[in-house]
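Q: My questions are about this predicted structure, shown below with the sequence.
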Amino acid sequence: MAQHKLFLLPGDGIGTEIMAEVEKLIAHLNNTGATDFATESGLVGGSAYDVHGAAISEEDMEKALASDAVIFGAVGGPKWDNVPYEARPEAGLLRLRKDLGLFANLRPAICYRALAQASSLKPELVEGLDILIVRELTGGVYFGEPKEITELGNGQKRAVDTQVYESYEIDRIARVAFDLAMTRGKKVHSADKKNVMKSGVLWDEVVRQAASDYPEIELQHILADNAAMQLVRTPKQFDVMVTDNLFGDILSDVAAMLTGSLGMLPSASLGAPDPQTGKRKAMYEPVHGSAPDIAGKAIANPIAMIASFAMALRYSFDMIELADKVEKAISDVLDDGLRTGDIMQTGCRQVTTSEMGDAIIAKLQ
Ligand code: NAI
Ligand code: MG
């Protein structure tokens, strides 16, 4: 078995606590011969600032670039509120995304059976829900130029953000969505606002063109505002949804919240395939932040972090069965009634971060 290199960046706050559970899981998988991961850890965010005076050191950036996958915890916290802008904790995350070229953000919204009651929607609307939102992450209105606020001289100001997409950026994200859909329900919704935006017109044109290489995929166009409505009306109609950076930011948060707590939500960010090896740079991280309000109390929910690691097994290492097994183990411990505080329900048993991690590993045995 080829040895795979994982670079672990726990970060700050609960980041270190939830990463400890992934490290236990990796040790278990290595010990049982299921995997052969070589792991190394680095510093990112405030914890890197305290040591290096930067949100990530050059040495750790190089290690991230040389790894097969980066597993990222969370960064930030009030302690670093006043550090220089370039060294703030989020700068480490942004640098990683940029230097690794992570243009595709995968945000699953999976509703575990045991948590269907906890959704803000009726349980029957969300039970069995399994949506994957594929968000373009490096283009669009968050990065387009000009981007400025100017004084108009009459006491008024003018703010400009620019939505820019080139066809290659749309084509590559569409292909990521189609490739993923081929391993799932083969249904893709492409969301844009082509009724009022030129970038939407191009988005739709390029997505349709790319789809012609995927005759088995059922492609449907949807306007982004309608997508938001449909997500809360009948979410199970969706399988894969591909959309731009801004709409994806919002729609992925909407979809995610159908399924319960922030502590349950994983994500993956993928780069372009290497022309030689075909392998993509990738980073896996929970959607939540460093939760300073509960850090150090051993009560953080490690499931988003562990589910992010399961996505690494699936998308970086093609270990589909093992990824399924880890996800099933999560579902099983929830069925057994184990809960961290954030997802606690009456009749369930509250456990610590580490007890939850141990219980998930025990289900794999
Ligand atoms: P947050 O996601 O850290 O926390 C929001 C709320 O959810 C808190 O009440 C927290 O206790 C709870 N929560 C989050 N994850 C949890 C888990 N695994 N288990 C149990 N409860 C959990 O967002 P917030 O409070 O807005 O930001 C805190 C810090 O995290 C800030 O410095 C922010 O900049 C940073 N942040 C970092 C992110 C990242 O590293 N990707 C993403 C979002 C925020
Ligand atoms: Mg968001």
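A: The structure has been received and is ready for your questions. Ligands and ions are numbered 1, 2, ... in the order given.
Q: wait, residue 2 sits on residue 37?
A: No. The pair residue 2 / residue 37 is not scored as a contact, 10.7 Å apart, by Cβ atoms under 8 Å. Using the backbone N, CA and C atoms, a C-beta is placed for each residue, glycine as well.
Q: the more surrounded of those two?
A: More crowded of residue 2 and residue 37, by other Cβ atoms under 10 Å: residue 37, with 19 against 6.
Q: State the distance from that one to residue 322.
A: 11 Å (Cβ to Cβ, to the nearest Å).
Q: shared neighbours, those two?
A: Contact criterion Cβ atoms under 8 Å, 6 or more residues apart in numbering; residues shared by residue 37 and residue 322: residue 29.
Q: List the contacts of residue 53.
A: Contact analysis of residue 53 by Cβ under 8 Å, 6+ apart lists residue 87.
Q: per-residue confidence for the closest residue to ligand 1 within the stretch 51-200 of the chain?
A: Distance from ligand 1 to each residue of the stretch 51-200 of the chain (Cβ to the nearest ligand atom) is smallest for residue 76, at 2.4 Å. Residue 76 carries a pLDDT value of 97.
Q: Skipping adjacent residues, who's closest to it in space?
A: residue 89 (4.4 Å; Cβ to Cβ, 6 or more residues apart in numbering).
Q: what does residue 69 give?
A: In space, residue 69 is closest to residue 316, 4.3 Å off (Cβ to Cβ, 6+ apart).
Q: Quick check: most distant residue from the centroid of this structure.
A: Farthest-out residue of the chain from its mean C-alpha position, per Cα atoms, centre = their mean: residue 154, at 44.3 Å.
Q: Would you mind giving me the confidence score for it?
A: Residue 154 is given a pLDDT of 96.
Q: quick one on the thing from earlier: doesn't residue 13 make contact with the residue of the stretch 51-200 of the chain closest to ligand 1?
A: Yes. Counting by Cβ under 8 Å, residue 76 does reach residue 13; the two are 7.1 Å apart.
Q: neighbour-wise, which of these two wins?
A: Ranked by neighbour count (other Cβ under 10 Å), residue 76 and residue 13 place residue 13 first, with 29 against 22.
Q: Pull up the residues of the stretch 101-250 of the chain that are close to ligand 1.
A: Within the stretch 101-250 of the chain, no position is adjacent to ligand 1 by Cβ under 6 Å from any ligand atom.
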